[in-house]
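> Return atomic coordinates for the entry below.
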Amino acid sequence: VDSTTFTATYAVTQADIDAGAFTNQATATGTPPTGPAVTDLSDDPADLTSDDDPTVTTIPQSPSMTLVKSVTSFTFTAPGDTADYDYVVTNTGNTTITAPITVSDNLIASVSCPALPIGGLLPGNSLTCTGTYSVTQADLDNGSVTNLATATDGTITTPIASETIPATSNPAMIVEKTSADTSYDSVGDVLTYDYRIINTGNLTLTGTTNIIDDKIGTFACFTGNIVPSPGPGHEQTCQATYTVTQADIDAGFVTNQAYGQNGSVTSPPDDVTINANQTPALSVVKSSTDTSFDADGEVLTYSYLVTNTGNTTITAPISISDNLIASVSCPALPIGGLLPANSLTCTGTYSVTQADIDAGFVTNIAFATDGTTISPDDTVTINADQTPSIRVEKVGILDDGGDGRSDSGDIINYTFTVENTGNVTLTGVDVTDAGVSMSGGPSASLAPGAVDSTTFTATYAVTQADIDAGAFTNQATATGTPPTGPAVTDLS
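Purely as a prediction, here's the structure:
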């Protein structure tokens, strides 16, 4: 037995590997001393079932492949944008891949792979499959998309390959603020505002979207998802109200500014201005506790109740104009001004004149002003207590001619003193006396308290009958006409 002399080598081919074994058979030849050479085919000692069988050398097969996934181009800002992927499948085993290769991607329904080269995909060789993915809103909201893929030839499957691409996030929104109310005029008026939230970014707004309004405060406008425009549900609306204050009426307008906020996303501000209907107005009610007067110089006291009857606060000092009183005293305004429906009281005094008594009344007219707004006029009339009266005194002196005795024809000289004893001026004052010869008058007027002892005189010539009787008796009558009512008279 010679087991050392003969050896051989063989370079395995790809076909041998693909076959999984290499089979061959040797022939041994020997020449005997005589006769022809003898031969024998080799036998595989591992195979005990037969003799002279070929030697089969098993070649271990290790089929395997890898998958490398990569993105070749992508736009990731809006739903419908696409990402293109390459899937490089490499035969990393030692056997030729002869079955078609397919790629499964958890996000792409169909990945396109080319046919295998003729003869199959040799170890170390690769092919490239391609696929396209359309971005969804959910991908944008997640901030990225990761998809997983494997390649297979039906028998061998690659490890999972993944690729992540980031989204271009642009969260944004706007708030449009409007109101159907165009004006207001009263404290407590309620202004209603509408807020329209529009998602102008590319991410879904989730949770609660608040409105921050500088007049109304912060309130929840909408809770839920607001998808990017122009998709259904890309805008939501809400309302809020504001109650008008006196300061808003005084300012002449209400401007409030609002913005929306969802997490870290804040809208630009939007504002609305609603103008006030300002109606400044004043009233004055003039009154007096004095109900009458009867003397020159008597003082009448007046009160002026000034009320803010408009809807704006009066901030300028109030003054009273009275046609008979030069100066009316008004208090300072309350701190902050005179609010609507509030009042203050001014006071003034007037000294009665004789003309007022003669007229029978005092009527004065007044209005209030703050320098811009003027109240309607108000009047007060106080009546005079008129007490017209007259008094006359008559004095007669006999002129005896200086002979010391009374003779017929002697003259009695009369003087008359007329006094206005009332409180009104008398006009057309006259004295009448029957049987005497009157001189003077009538007087045009006689003021209260005035005495006239010079205007009226009279004479009388004594008769014998008067001498015989020892006296002459007669009586004069004084008459005066007051400003109103019948004439007044007095007997001397």
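
> From here on, just use CA atoms for contacts and neighbour counts.
Will do.

> tell me the contacts of the closest residue to T206 other than its chain neighbours?
Spatial nearest neighbour of T206, excluding adjacent residues (C-alpha to C-alpha, 6 or more residues apart in numbering): N225 at 4.5 Å. Contacts here follow C-alpha atoms under 8 Å, 6 or more residues apart in numbering; on that basis N225 touches T204, L205, T206, G207, G233.

> pretty sure the last one contacts T206?
No. Using C-alpha atoms under 8 Å, G233 is not in contact with T206; the gap is 12.0 Å.

> how close does the one residue sitting closest to the centre of the chain get to P388?
By C-alpha atoms, centre = their mean, the chain has its centre lying nearest to N256, at 3.7 Å. The gap separating N256 from P388 is 73 Å, by C-alpha to C-alpha, to the nearest Å.

> Number of residues surrounding N210?
19 (other C-alpha atoms under 10 Å).

> Then T152?
Neighbourhood size, T152 [other C-alpha under 10 Å]: 20.

> From S110, how far out is it?
14 Å.

> Low-confidence stretches in the stretch 101-250 of the chain?
Applying pLDDT under 70 to the stretch 101-250 of the chain flags no residue at all.

> Now do the helices in it.
137-142, 246-251 (DSSP state H, counting those that start in this stretch).

> Could you pull out the buried residues of the last one?
In other words, helix 246-251. If you call a residue buried by 16 or more other C-alpha atoms under 10 Å, then helix 246-251 has these buried ones: Q246, D248, I249, D250.

> any idea which helix or strand comes after it?
Using DSSP states H and E, the helix or strand that follows helix 246-251 towards the C-terminus is strand 253-262.

> That following strand: partners in the sheet, and parallel or antiparallel?
Under the criterion DSSP bridges, strand 253-262 sits next to strand 208-213 (antiparallel), strand 265-266 (antiparallel), strand 270-276 (antiparallel) in its sheet.

> tell me the mean pLDDT for that strand?
Here strand 253-262 scores 97 as its mean pLDDT.

> Going by neighbour count, list what's buried in that strand.
By neighbour count on 16+ other C-alpha under 10 Å, the buried set for strand 253-262 is F253, V254, N256, A258, Y259, G260, Q261, N262.

> Alpha carbons only: can I get it in PDB?
Extracted C-alpha coordinates of strand 253-262, given in PDB (Å, rounded to 0.1, in the frame of the first residue of the first chain):
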ATOM      1  CA  PHE A 253     -62.900 104.100  20.400                       C
ATOM      2  CA  VAL A 254     -62.000 100.600  21.500                       C
ATOM      3  CA  THR A 255     -59.000  99.100  19.800                       C
ATOM      4  CA  ASN A 256     -58.000  95.600  20.900                       C
ATOM      5  CA  GLN A 257     -55.300  93.400  19.600                       C
ATOM      6  CA  ALA A 258     -55.300  89.600  19.600                       C
ATOM      7  CA  TYR A 259     -53.000  86.800  18.600                       C
ATOM      8  CA  GLY A 260     -53.300  83.000  18.600                       C
ATOM      9  CA  GLN A 261     -51.000  80.600  20.400                       C
ATOM     10  CA  ASN A 262     -50.700  76.800  20.100                       C
END
